[in-house]
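[1] Give me coordinates for this.
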Amino acid sequence: MHVHIAEVHKVLFDGEAHSLTVPGADGVLTILPHHEPLLTTLKPGTITVRAQEGDTHLPVDSGVLEVHPEGVVILL
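    Prediction:
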């Protein structure tokens, strides 16, 4: 699945991933390919992107996650 993570003026991750784990508003969520559409806020914690090249860990204070048929977008 395609994952795009960005701040206002900076792209933090843009590529393919096997899974994505985020600190959702109601608890930790793991997003896998073909996940149902979802829109949620994020709370403080760590975003983990699991990709073929290795894991990427990004700290987050707040943000918004959208899962759609084409992939995942996170705005911090």
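
[2] so where's this structure shaky on pLDDT?
    For the chain, no stretch has pLDDT under 70.

[3] what about the strands in it?
    With DSSP state E as the criterion, the chain has strands at 2-7, 10-16, 19-24, 27-31, 38-42, 45-51, 54-60, 63-68, 71-75.

[4] What strands line up against the second one, and which way round?
    Taking DSSP bridges as the criterion, strand 10-16 sits next to strand 2-7 (antiparallel) in its sheet.

[5] Could you do the last one as well?
    Here the strand partners of strand 71-75, with direction, are listed using DSSP bridges: strand 2-7 (parallel), strand 63-68 (antiparallel).

[6] Can you give the distance of that strand from its chain's centre?
    Its chain's average C-alpha position is 6 Å from that of strand 71-75, according to Cα atoms, centre = their mean, to the nearest Å.

[7] Next, count neighbours for the residue nearest to residue 38 when sequence neighbours are not counted.
    Leaving aside its sequence neighbours, residue 38 sits nearest to residue 67 (Cβ to Cβ, 6 or more residues apart in numbering; 4.2 Å). C-beta: built from backbone N, CA, C; applies to glycine. The tally of other residues near residue 67 (other Cβ atoms under 10 Å) stands at 22.

[8] Residue 67 and residue 32: what is the separation?
    Using Cβ to Cβ, to the nearest Å, residue 67 is found at 10 Å from residue 32.

[9] And residue 16, by the same measure?
    Distance from residue 16 to residue 32, by Cβ to Cβ: 13 Å.

[10] ok, now residue 49?
    12 Å.

[11] and what of residue 68?
    From residue 68 to residue 32 the distance is 14 Å (Cβ to Cβ).

[12] still on that earlier bit, okay, and the common contacts of residue 16 and residue 32?
    By the contact definition Cβ atoms under 8 Å, 6 or more residues apart in numbering, residue 16 and residue 32 are jointly contacted by residue 1.

[13] Tell me the bridge partners for the residue nearest to residue 28 when sequence neighbours are not counted.
    Excluding its sequence neighbours, the residue lying closest to residue 28 (Cβ to Cβ, 6+ apart) is residue 21, at 6.4 Å. Taking DSSP bridges as the rule, residue 21 bridges to residue 30, residue 48.
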